[in-house]
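Chemist: could you look at this predicted model? Sequence included:
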Amino acid sequence: MANTHLSALAMFVITIALTVSLLRAYFKRLVSYIRNRIQLRRYPENIPRGTFGLPLLGESLQFIASYRSHTSPDAFINERRSRYGRVFTTHLFGKPTVMSMDAEVNRFILNNDGRLFVPDYPSSIQQLMGKWTILMLEGSLHKRLHGLLATFFKSDDLKEHLLPYIEAFVQQQMDTWNVNTTIYVEEETKRMSFKLVAKVLLGLDPGQTVETLQAECHNYVAGAMSLPINLPGTTFHSSLRSRSRIAELTRQIMNDRETRARELGPCVQLKLHMDMLGALMEDRKAASAIKQQVEEPQPSNNIIDDMENEVGPFDCKRRMTGRRPRSKLAENSDAQNGSMTEEIITDNIVSFFFPSEDSVGMLMTLSVKYISESPRALQQLREENINFLEKYKGERLTWRHYFMELTFTQKVLNETLRLANITKGVIRKSLVDVHVKDFVIPKGWATFVFFRGVHLDEAIYEDAQIFNPWRWEEKVLSSHYTPFGGGPRLCAGIDISRLMAVVFLHHLVTRYEWEMSEVDSLTQFPFLKLAKKLPINILRAYNNDR
Ligand code: HEM
């Protein structure tokens, strides 16, 4: 009886809490909607043309409906581009948004990250990623962590260290494929790429821990597209619990390493751990100094000079007074004391499982889809890779061999990245009224730097919807081409991702012949996926000695 009363009371409290939080969210949106409408009147001439759509909902439903469609995913942007041009105003996910498919404007926004723009993720994503993740940090703390990670990920030593693992993971996975069976490429490539990501981030070798971690990561990522209600039983709650378990595993590995370092001596330990956790632990002193500074922010007085010096040919006028609008994190740091906290390390490791797990697997999967649909490309790819195999039979290959000699394979990857747009774009928030080209992006608005719109622009790429790796014989990788972003947030994982994909394609085309079991299509929302996970039939296998 008492239990029945208690559960009724609990239900009552939960219902009230939910209602209050929904009302609060609704009220907040209403206020911001009215404020944005007023803001629109300030620059009637220069705010990019477009519409806010329905009150409160904006145009989010049209955007989602368009990207859920298999047949015309770009209907939303195409329609607005033809009506308003490559830069237009809309209202997405509760925010007034400028959407840009203009390569020049995109470059400007990416290059001015941390100065005129900062990353803009919904608060639920911030909660899932953690406040110290590099993806959200700004200013000098971001610069520092980015420098550290970019140096680490780009180093020749790391690539050489990883190459044998990549080759082994790819071969082991392919060894399980038999002739006359169907395999699901998306599942297979994600298994391979997850093993690699676990190796790169935490130094883990395949085994039970990696299997458990992959299940946790799957659950963790699911939270990104769920309602952000943190109550037992919700997807969001379960995602946060998975996040805690991944963080806990990271802490355990860190503690084990510290214990062993005390036993063996730090030099031995550093050599043993060539992974992101090792790089962050090494830098713990410097990073902690920055955190200390964040807790005691110092005002800056030269931000206006800083900003105006670097905007190049664009006219950028700032309207602000008093303290700089950037986060407290954005100040210079010269302090060198203290030690990096566990929180900074775990937030960065955990949040890296978020985007990197799927993206490399998708790059491999989509390259298989496109070459399967283009016999001429597949034939040229196979010839190049068989010649490469013959040339270096019995030799130990380095990452440079794969990058320098498999040139057509690289073009296949360039074209896959252009056509598939694994990252459709990135979202930033303007810190001030930003004047770029003839437009004004009002302070506080979201700016969707839409890479996909540029990569599929017929004015830049002839027959943009066609898979044509040969276009990269003439075209150079220019600032129009941003599958890995650009500016101070350029992806640090470019080389690692491409190395993994090139090794995968090399083994695939030299070991197997296949056909697609059925036609598969891409779903774009919420994440890029193959509707049927790309089933293929293995027709023939070659036992090539290496
Ligand atoms: C095909 C695979 C990948 C794609 C398409 C991709 C794409 C991107 C994009 C578009 C950005 C820019 C984000 C922004 O501007 O807000 C980015 C940043 C970044 N990515 Fe990747 N990425 C891939 C794989 C990886 C991997 C495997 C790693 C490392 C394990 C990695 C590490 C990073 C880092 C460190 C940043 C910089 C974050 C910052 O400074 O804010 N990426 N990536």
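Modeler: Good, I have the coordinates.
Chemist: for stretch 216-224, which outside residues touch it?
Modeler: Outside stretch 216-224, the residues within contact range by Cβ atoms under 8 Å, 6 or more residues apart in numbering are 124-125, 128, 194, 235-236, 238-240, 242-243, 245-246, 350, 353-354, 357-358, 526. Using the backbone N, CA and C atoms, a C-beta is placed for each residue, glycine as well.
Chemist: just the strands from the protein, written as ranges.
Modeler: Here the chain has its strands, by DSSP state E, at 87-92, 95-100, 117-119, 182-184, 426-430, 434-436, 439-441, 446-449, 512-516, 522-523, 529-530, 535-541.
Chemist: now do the longest one and strand 512-516, the angle between them.
Modeler: Just to be clear, that refers to strand 535-541. Between strand 535-541 and strand 512-516, the angle comes out at 150 degrees (axes from the mean of the first three to the mean of the last three Cα atoms, to 10 degrees).
Chemist: show residues contacting strand 535-541.
Modeler: Defining contact as Cβ under 8 Å, 6+ apart, one finds that strand 535-541 is touched by 177-185, 368, 372, 511-518, 520.
Chemist: same check on the fourth one?
Modeler: Contacts made with strand 182-184 from outside it, assessed by Cβ under 8 Å, 6+ apart, are listed as 177, 517, 532-538.
Chemist: now with 10 Å?
Modeler: 173-174, 176-177, 190, 365, 512, 514, 517-518, 520, 530, 532-538 (Cβ atoms under 10 Å, 6 or more residues apart in numbering).
Chemist: next, the buried residues of it.
Modeler: Across strand 182-184, burial judged by 16 or more other Cβ atoms under 10 Å covers 183-184.
Chemist: now do it, average pLDDT.
Modeler: If you average the pLDDT over strand 182-184, you get 97.
Chemist: now the first one
Modeler: Strand 87-92 shows an average pLDDT of 95 in the prediction.
Chemist: which bits of the protein sit near the ligand?
Modeler: Counting by Cβ under 6 Å from any ligand atom, the residues of the chain close to the ligand are 119, 134-135, 146, 149, 153, 200, 352, 356, 359-360, 363, 422-423, 426, 483-485, 489, 491-493, 496-497.
Chemist: out of the residues you listed, which sit inside helices?
Modeler: Residues of the residues of the chain next to the ligand located in helices (DSSP state H): 146, 149, 153, 200, 352, 356, 359-360, 363, 496-497.
Chemist: among those residues, which pair sits farthest apart?
Modeler: Using Cβ to Cβ, these reach their maximum pairwise distance at H146 and L363, which is 21.8 Å.
Chemist: next, count neighbours for the closest residue to the ligand within the stretch 51-200 of the chain.
Modeler: Proximity to the ligand, evaluated over the stretch 51-200 of the chain using Cβ to the nearest ligand atom, is greatest for H146 at 4.0 Å. Other residues near H146 come to 17 when the count uses other Cβ atoms under 10 Å.
Chemist: swap in D463?
Modeler: When neighbours are counted by other Cβ under 10 Å, D463 registers 9.
Chemist: between the ones in helices among the residues of the chain next to the ligand, which sits nearest D463?
Modeler: Nearest member of these to D463, counting by Cβ to Cβ, is L363, at 21.8 Å.
Chemist: what's the neighbour count on the residue lying closest to that closest one once chain neighbours are set aside?
Modeler: Spatially, and ignoring its direct neighbours in sequence, L363 is nearest to A501 (4.9 Å; Cβ to Cβ, 6 or more residues apart in numbering). By other Cβ under 10 Å, the residues close to A501 number 28.
Chemist: any idea how far E462 lies from E474?
Modeler: As for E462, its distance to E474 is 11 Å (criterion: Cβ to Cβ, to the nearest Å).
Chemist: so the two - more neighbours on which side?
Modeler: Set E462 next to E474 and count neighbours by other Cβ under 10 Å: E462 wins out with 10 against 6.
Chemist: surely the more buried one meets N468?
Modeler: Yes. Under the criterion of Cβ atoms under 10 Å, E462 is in contact with N468, at a separation of 8.4 Å.
Chemist: show me the shaky parts of the stretch 251-400 of the chain.
Modeler: The model of the stretch 251-400 of the chain has pLDDT under 70 over residues 265-272, 285-340, 355-357.
Chemist: and for the stretch 101-250 of the chain?
Modeler: For the stretch 101-250 of the chain, no range has pLDDT under 70.
Chemist: residue contacts, the residue of the chain found nearest the ligand?
Modeler: As assessed by Cβ to the nearest ligand atom, the ligand sits closest to G493 within the chain, at 2.2 Å. Counting by Cβ under 10 Å, 6+ apart, G493 touches 149-150, 153-154, 197, 200, 276, 352, 355-356, 359-360, 484, 500.
Chemist: for it, what are phi and psi?
Modeler: Torsion angles at G493 (phi, psi; degrees, to the nearest 10) stand at phi -90, psi 20.
Chemist: give me the neighbour count for the residue lying closest to Y402 once chain neighbours are set aside.
Modeler: Using Cβ to Cβ, 6+ apart and skipping the chain neighbours, the partner closest in space to Y402 is V502 (4.9 Å). V502 is flanked by 22 other residues according to other Cβ under 10 Å.
Chemist: relative to W514, how far out is V502?
Modeler: 19 Å.
Chemist: ranges for the helices of the stretch 1-150 of the chain?
Modeler: Ranges of helices within the stretch 1-150 of the chain are 2-40, 60-68, 75-84, 103-111, 123-129, 139-154, based on DSSP state H, counting those that start in this stretch.
Chemist: pull out the buried residues from the third one.
Modeler: Of all the residues in helix 75-84, those buried under the rule 16+ other Cβ under 10 Å are 76-77, 80-81, 84.
Chemist: what's the answer for the last one, then?
Modeler: For helix 139-154, the neighbour count (16+ other Cβ under 10 Å) marks 139-146, 148-150, 152-153 as buried.
Chemist: report pLDDT for L56.
Modeler: As predicted, L56 sits at a pLDDT of 75.
Chemist: which among the contacts of strand 535-541 end up buried?
Modeler: Buried among the contacts of strand 535-541 by 16+ other Cβ under 10 Å: 177, 183-185, 368, 372, 511-512, 514, 516, 520.
Chemist: any chance of these in TSV, plus distance to V412?
Modeler: Shown next, in TSV, are those (distance: Cβ to Cβ, whole Å):
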residue	distance to V412
W177	21
I183	20
Y184	21
V185	15
V368	10
S372	12
R511	17
Y512	16
W514	16
M516	17
D520	18
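Chemist: and the furthest pair within the residues you listed?
Modeler: R511 and D520 (21.8 Å).
Chemist: may I see the buried residues of stretch 493-509?
Modeler: Those would be 493-509, for stretch 493-509 by 16+ other Cβ under 10 Å.
Chemist: now do the contacts for the residue nearest to Y402.
Modeler: 166, 364, 367, 385, 399, 402-403, 406, 409-410, 412-413.
Chemist: show me what counts as buried in stretch 234-251.
Modeler: Buried residues in stretch 234-251, counted by 16+ other Cβ under 10 Å: 235-240, 242-243, 245-247, 249-250.
Chemist: mean pLDDT lowest for which of the strands of the chain?
Modeler: Mean pLDDT is lowest for strand 522-523 out of the strands of the chain, coming in at a mean of 89.
Chemist: show me the contacts for T181.
Modeler: With Cβ under 10 Å, 6+ apart, T181 has these contacts: 536-538.
Chemist: buried ones among these?
Modeler: Those of the contacts of T181 that meet the buried threshold are 536, 538, by 16+ other Cβ under 10 Å.
Chemist: turn the contacts of T181 into a markdown table, including distance to T51.
Modeler: Shown next, in a markdown table, are these (distance: Cβ to Cβ, whole Å):
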| residue | distance to T51 |
| --- | --- |
| I536 | 44 |
| N537 | 48 |
| I538 | 51 |
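Chemist: between the contacts of T181, which is nearest R284?
Modeler: Checking the contacts of T181 against R284 by Cβ to Cβ gives I536 as the nearest, at 45.7 Å.
Chemist: who's the nearest residue to that closest one once chain neighbours are set aside bridged to?
Modeler: Spatial nearest neighbour of I536, excluding adjacent residues (Cβ to Cβ, 6+ apart): W514 at 4.5 Å. Beta-bridge pairing for W514 (DSSP bridges): I538.
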